[in-house]
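**Q** Here's a sequence, model it:
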Amino acid sequence: YDTAVVSGAIGFLKAHFQLSADLTGWAASSLLVGCMAGAMLGGPLGDRFGRKSSLIFCAVLFAVSSLVSAIPDSLAQFAWARFAGGVAIGAASMLSPLYIAEIAPEKIRGTLVALYQLAIVVGILIVFFVNLQIQRLGDETWNTHTGWRWMFASLTIPSVLFGFLMALVPESPRWLMKMGRDDQARKILERVGGTANAEREIQQIAAALKQEEGRWSELFTSGYFRALIIGILLAVFGQFSGINAIMYFAPEILKSAGAGLDSAFRQTVIIGVFNVLFTFVAIWLVDKAGRKPLLIAGTLVQAVSLVSVGWMFHTGNSGPMLLVSILAFVAAFAVAMGPIPWIVNSEIFPTKLRGRAMSLAIFMLWLADFIVTQTFPRLRESYGPARTFWIYAFFSLLSTVFVVLMVPETKGRTLEEIEASWRKR
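**A** The predicted structure follows:
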């Protein structure tokens, strides 16, 4: 919700603060600088205070940021407020899939981490719909001065819900065992997977925790370096596909193709609906088809769809086929590069290094997101939308090659089995 709220507000922010292309990019991407900081802080916070307590802290930060970002008098004030919200997003984006992977039985782990991606796309769809309704409350002048403020203020509602619901969940059993609270961990594992599964999991976790606490240097000098490269590049390629250029700027893209204000917002809601629907397809397939086949198919469809989007802009065809091409890209991303990098990153790192490694991988994800978001307005203005989307198509094709050559299949394997496989290589 917080990352995508800017899509409805960015055009009005640009007019309100009279922003250049670069400052428009900064208005959208200042949040992502906070995301990078939060991704690096999330691991140490989660290791020190637990996954659950750290996520509740994120909920508080979400709520404060949403209120402050709705009342700024300058772009600088707005950017600082969004930075604070970004810290919450970055920490939560690292801790949430980590928590899910640590509590889920391996048979449904992929599905449950994919549900995290479902939560993301549902949040995006809801805020697209909320933005549509808010912009309908007044004319363009009202939206330029007031409407965008209500868009950001609306974030307080999901922030409070997030904090309340997090208070109801159990702590990560792996973290509890790391802290010496084995009895609590056992009870949680029995609730999740039954007594037999709990005994097996406890033995595996205990064996993994007997190793020394991981050091940063181990990520770069041991057999885990390949896992780190895979985790980082999956995250980066997902962003360089340009998905968030569409998610953050969809109404502006559609208006530039000739759509009216209300029509652009309505088409943005349709994009959000497709994003949600095809995330359900990912949840259905990820533990059946496997991670790697979905990634290969999804990135290929992304490349073809982005070439088509660029061609529509190149030929001046702003009719229904432009929206169809965008929807095909969003569907392909939702099935593969949306959820699977989160899943793989939550699976491939050893217990003693998982917090550090995921912090680094997700830091790189937000850095790539920042680069795309900051540069998109300038690329569109300087090179045109056609060439901009063709650049994203090239990176989608490059990601296909990377998946074929480097990414292993992790379906149906325990976290400890995956960890052992890196040491064998």
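**Q** In contact with W390, which residues?
**A** Each residue near W390 by CB atoms under 8 Å, 6 or more residues apart in numbering is listed here: 306-307, 310. In this view, the C-beta of every residue, glycine as well, is placed from N, C-alpha and C.
**Q** Distance check, it against R136.
**A** 35 Å (CB to CB, to the nearest Å).
**Q** now W311
**A** From W311 over to R136 the distance is 33 Å, taken as CB to CB.
**Q** Tell me which of those two has more neighbours.
**A** Between W311 and R136, counted using other CB atoms under 10 Å, the more crowded position is W311 (16 against 13).
**Q** ok, for that one, nearest residue in space, not its chain neighbours?
**A** A386 (7.1 Å; CB to CB, 6 or more residues apart in numbering).
**Q** ok, now which ones touch that neighbour?
**A** Neighbouring residues of A386 by CB under 8 Å, 6+ apart: 310-311, 313-314.
**Q** Among those residues, which one sits closest to K52?
**A** Looking at the contacts of A386 and their distance to K52, the nearest is G310, at 44.6 Å (CB to CB).
**Q** Check the closest one and give its pLDDT.
**A** Here the pLDDT value assigned to G310 is 95.
**Q** Not counting sequence-adjacent ones, nearest residue to it?
**A** Excluding its sequence neighbours, the residue lying closest to G310 (CB to CB, 6+ apart) is F389, at 3.9 Å.
**Q** Name the helix or strand for that neighbour, please.
**A** Using DSSP states H and E, F389 sits within helix 385-406.
**Q** name the helices or strands packed onto the helix or strand following that helix?
**A** For helix 385-406, the succeeding helix or strand toward the C-terminus, using DSSP H and E, is helix 415-424. For helix 415-424, the packing partners by 3 or more CB pairs under 8 Å, 6 or more residues apart in numbering; DSSP states H and E come out as helix 195-209.
**Q** got the CA coordinates for the helix it packs on in PDB?
**A** The C-alpha trace of helix 195-209 is given here as PDB (Å, rounded to 0.1, in the frame of the first residue of the first chain):
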ATOM      1  CA  THR A 195       4.500 -33.600  16.900                       C
ATOM      2  CA  ALA A 196       6.500 -35.700  14.400                       C
ATOM      3  CA  ASN A 197       7.300 -32.800  12.200                       C
ATOM      4  CA  ALA A 198       8.200 -30.700  15.300                       C
ATOM      5  CA  GLU A 199      10.700 -33.300  16.500                       C
ATOM      6  CA  ARG A 200      12.400 -33.500  13.100                       C
ATOM      7  CA  GLU A 201      12.500 -29.700  12.700                       C
ATOM      8  CA  ILE A 202      13.900 -29.200  16.200                       C
ATOM      9  CA  GLN A 203      16.800 -31.600  15.500                       C
ATOM     10  CA  GLN A 204      17.600 -29.900  12.200                       C
ATOM     11  CA  ILE A 205      17.400 -26.400  13.700                       C
ATOM     12  CA  ALA A 206      19.600 -27.500  16.700                       C
ATOM     13  CA  ALA A 207      22.200 -29.000  14.400                       C
ATOM     14  CA  ALA A 208      22.300 -25.800  12.300                       C
ATOM     15  CA  LEU A 209      22.500 -23.600  15.400                       C
END
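**Q** Turn the contacts of W390 into CSV, including neighbour count, distance to E381 and secondary structure.
**A** Putting the contacts of W390 into CSV (neighbours: other CB atoms under 10 Å; distance: CB to CB, whole Å; DSSP: H, G, I helix; E, B strand; the rest coil) gives the following:
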residue, neighbour count, distance to E381, secondary structure
L306, 28, 19, helix
V307, 20, 21, helix
G310, 21, 16, helix
